[in-house]
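Q: Dropping a prediction and its sequence here:
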2 protein chains.
Amino acid sequence: MAQESRPTLATVAAHAKVSRQTVSNVLNSPEVVLPDTRERVLRAIAELDYRPNVVARQLRTRRSYVLGLRMPPTTDGISGQVLDRFLHALTDEAQRAGLRVMLFTADDDEAEIREYENLRATTGIDGFVLTATHEGDPRTRWLADHDVPFVSFGRPWDDAGTGDGTSHEHAWVDIDGRAGTRAATRHLLDAGHRHIAFLGWPEGSGVGDDRHAGWYEALADAGLAGDAVVHRTMDDGVAQGAAAANRALVRDDVTALVCVSDSIALGALAAVRELATSRPDRAPVAVTGFDDTPVAGAVDLTSVAQPVGDVAARAVELLRAQIDGRPDAVNRQALIEPYLVVRGTTRAPR
Amino acid sequence: MAQESRPTLATVAAHAKVSRQTVSNVLNSPEVVLPDTRERVLRAIAELDYRPNVVARQLRTRRSYVLGLRMPPTTDGISGQVLDRFLHALTDEAQRAGLRVMLFTADDDEAEIREYENLRATTGIDGFVLTATHEGDPRTRWLADHDVPFVSFGRPWDDAGTGDGTSHEHAWVDIDGRAGTRAATRHLLDAGHRHIAFLGWPEGSGVGDDRHAGWYEALADAGLAGDAVVHRTMDDGVAQGAAAANRALVRDDVTALVCVSDSIALGALAAVRELATSRPDRAPVAVTGFDDTPVAGAVDLTSVAQPVGDVAARAVELLRAQIDGRPDAVNRQALIEPYLVVRGTTRAPR
């Protein structure tokens, strides 16, 4: 690139045949410039490789309009896809609101905090989007202590179990997992199932306990909680799901399995298929998953879908309000309702 | 945030109890500072919310060390996962090389070019990573014309079919798809299959033709190309794969299907399972996919895996060399060899 010539705002204005004020407007308040003019100015900027305005804008506003997001770690490749979809949606929504998303990686919470320091110092990032928040999360404390705008996809689970979140200070958006499993369980009750087992994660995970609570509530509402069957896996995974399903299906009266994730459900499906071969006398067993990942569509699995687009839109709104210095302009917490996608695994003839 | 107090380099130095030179080093040449000192300075920077150095560094170097990447569009949710995995790997590799990844979205090539202009003007991005390049791609021409560093994941397919790419000017990294389907086909030949059909995309897509060529080469090497069976789908998708498989399996002697993608393979698997029920007299049909997506692992599908980590590392190396003004320091094109992951769908008893 030519380092010799340093174009100025005036050069750009002359090249685009507009006033200097118009060039300045394109850079700082593009919405006030007519689209054609805006394009002509942007083209002139590109042709002349005019760039010092980045510096000028940041000096004046002390804002970069860039959000930082730690790249969500890939887990088993199935449930992790929800975070990939969230990342797509977040990039879309941020861009619509005039913000950009910058990615970074970190191996644990402490490394993530070091990256916050680094990014604030060297890149001037305005705020952060957090995922996978957990009890006693040091990241939210650090960000609050340093007065850095942030929003999390996920509630703080310090009071795991209540899940209403109203007492919490920081901004978050989350999916109402309890409403999701409640809808899945009601769907099975409506289809005539009476013995509906839950395949879940170990107790103590906020997300897992929340999803368990929805299943239990639906059974209790139907007067069936007294006979509730729960089997928990050590980890999220297909093999773990198959093992848990086999344990639940020891009881001959169990005809449906509500699973805490699509990975667990995928394993449960395999166990159910084997059972259909070895015990043709048994009633077909219905299965539901959670997350509506692409694999759910591929194997015709009924699953609870997370509207990640809504989550991303709300997260951007909350963050933008903080960056603009009007954090009280919007409600700082939002619980988004998921919805059930009904497919073949709950449509089997009984 | 406090807009009143504007900390200076000297304030930070005093707060961290180091010299001003040390603070400057932490910001500009962190590798020369001891880790403990570095952390103390970064903490002081964070505590004081010291930020003007972003401006200073950009003014001096005219570099941002930020890469732009258009968020790959989500397709059917299965094959698209390769690009999500690439994004993970790219963020990792970029960070290791001192670069950050900034995301943006665009609906088509022209919109993507407008975003290049925008990002160069307002964010000072140093270079771009492109995906989904295609014949006559206006993006690569624009970037080359404007002397903007870039690298693409994917060859330019202007001379689709030759695939050696040596005549092309711009920097790219790609997967050797032909080597992948050749390996899959040889694996099936070794297992005794003689009539191996190919389920592919319409002719004219560079990637699809490349994968088709590998299958054909392996058959030709074995003297079996005279009887090659090909069925093409209109689009990539599970239903399309099932339909193409049904057409291929009309021939009773076909015992294996090499598929151009995991989506097509997933449909083929469903067709093969139905055939096993309706025609128990027929030999079991083997199936291979391409991309080794999570769903391949979940349904035990043999598939060709793309080493996206290697692709990302090479892409960052190529881009960094351009940004640093030494574009000839590294070979500007790299074709990465994929590998076959053998699973149950090619292990069935014959």
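A: Okay, I see it.

Q: Low-confidence bits of the stretch 151-300 of chain A, can you list those?
A: Applying pLDDT under 70 to the stretch 151-300 of chain A flags residues A:158-168.

Q: again, 50 this time
A: A:160-167 (pLDDT under 50).

Q: residue ranges for the strands of it, please.
A: Per DSSP state E, counting those that start in this stretch, the stretch 151-300 of chain A carries strands over the ranges A:172-175, A:196-200, A:230-232, A:256-259, A:286-291.

Q: Quick check: residues of the stretch 101-250 of chain A near chain B?
A: The stretch 101-250 of chain A comes close to chain B at residues A:101-105, A:114, A:116-124, A:146-148, A:238, as judged by CB under 8 Å from any CB of the partner chain. Quick note: C-beta positions are derived from backbone N, CA and C, even for glycine.

Q: Comparing the strands of the stretch 151-300 of chain A, which comes out most buried?
A: Compared across the strands of the stretch 151-300 of chain A, strand A:256-259 shows the largest average neighbour count, a mean of 31 (mean count of other CB atoms under 10 Å in any protein chain shown).

Q: Beyond the host helix or strand of A:Glu117, next helix or strand please.
A: Taking DSSP states H and E as the definition, one finds A:Glu117 inside helix A:109-122. Sequence order places strand A:127-131 as the next helix or strand after helix A:109-122, per DSSP H and E.

Q: Using CSV, list the CA coordinates for that next one.
A: Coordinates of each C-alpha in strand A:127-131 appear next as CSV, following Å, rounded to 0.1, in the frame of the first residue of the first chain:
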residue,chain,number,x,y,z
GLY,A,127,-18.4,-3.4,25.6
PHE,A,128,-18.6,-7.1,25.8
VAL,A,129,-21.1,-9.9,25.2
LEU,A,130,-20.7,-12.8,27.6
THR,A,131,-21.8,-16.4,27.1
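
Q: Name the strands paired with it and say parallel or antiparallel.
A: strand A:66-70 (parallel), strand A:150-153 (parallel) (DSSP bridges).

Q: Now do the contacts for the closest residue to A:Gln306 other than its chain neighbours.
A: Counting by CB to CB, 6 or more residues apart in numbering or on different chains, A:Ile175 is the residue found nearest to A:Gln306 once chain neighbours are left out, at 4.8 Å. Contacts for A:Ile175 (CB atoms under 8 Å, 6 or more residues apart in numbering or on different chains) come out as A:Gln306, A:Pro307, A:Val311, A:Leu335, A:Ile336, A:Pro338.

Q: please redo it, this time with the cut-off set to 6 Å
A: By CB atoms under 6 Å, 6 or more residues apart in numbering or on different chains, the residues touching A:Ile175 are A:Gln306, A:Ile336, A:Pro338.

Q: Of the residues of the stretch 101-250 of chain A next to chain B, just the buried ones, ChimeraX syntax please.
A: In ChimeraX, a selection of the buried entries from these looks like this (16 or more other CB atoms under 10 Å in any protein chain shown):
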select /A:101,102,103,104,105,114,116,117,118,119,120,121,122,123,124,146,148,238
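
Q: Just the buried residues from the contacts of A:Ile175, in PyMOL please.
A: Here is the PyMOL selection string for the buried members of the contacts of A:Ile175, based on 16+ other CB under 10 Å:
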select buried, chain A and resi 306+336+338
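
Q: Rebuild the contacts of A:Ile175 as TSV, extending it with distance to A:Lys17.
A: Shown next, in TSV, are the contacts of A:Ile175 (distance: CB to CB, whole Å):
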residue	distance to A:Lys17
A:Gln306	50
A:Ile336	48
A:Pro338	53
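
Q: Return the subset of the contacts of A:Ile175 lying in strands.
A: Judged by DSSP state E, strands contain the following of the contacts of A:Ile175: A:Ile336.

Q: and of the contacts of A:Ile175, the nearest to chain B?
A: Closest to chain B out of those is A:Gln306 (13.7 Å), distances taken as CB to the nearest CB.

Q: how much space between the closest one and A:Asp174?
A: Distance, A:Gln306 to A:Asp174, by CB to CB, to the nearest Å: 10 Å.

Q: So A:Leu90 is in contact with A:Ala312, correct?
A: Yes: using CB atoms under 6 Å, A:Leu90 makes contact with A:Ala312 at a distance of 4.3 Å.

Q: what do these two both touch?
A: With CB under 6 Å, 6+ apart, A:Leu90 and A:Ala312 have no common neighbours.

Q: quick one, which of those two is more surrounded?
A: Neighbour count, other CB atoms under 10 Å in any protein chain shown: between A:Leu90 and A:Ala312, A:Leu90 has more, with 28 against 24.

Q: Next one: that one from A:Phe153, what distance?
A: A:Leu90 sits 8 Å away from A:Phe153, going by CB to CB.

Q: okay, the strands of the stretch 151-300 of chain A in TSV with distance to B:Val32 next?
A: Below are the strands of the stretch 151-300 of chain A laid out as TSV (distance: least, CB to CB, whole Å):
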stretch	distance to B:Val32
strand A:172-175	40
strand A:196-200	51
strand A:230-232	51
strand A:256-259	53
strand A:286-291	46
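
Q: if we can go back for a sec, among the strands paired with strand A:127-131, which comes closest to A:Val299?
A: Closest of the strands paired with strand A:127-131 to A:Val299 is strand A:150-153, at 26.5 Å (criterion: CB to CB).

Q: Tell me the gap between the closest one and the middle of its chain.
A: Counting by CA atoms, centre = their mean, to the nearest Å, strand A:150-153 is centred 10 Å from the centre of its parent chain.

Q: outside of that strand, which residues touch it?
A: Applying CB under 6 Å, 6+ apart, the contact partners of strand A:150-153 are A:127-131, A:133, A:143, A:171-173, A:311, A:315, A:318-319.

Q: From chain B, how far off is A:Leu224?
A: 32 Å (CB to the nearest CB, to the nearest Å).

Q: What's the separation between that residue and A:Glu217?
A: From A:Leu224 over to A:Glu217 the distance is 11 Å, taken as CB to CB.
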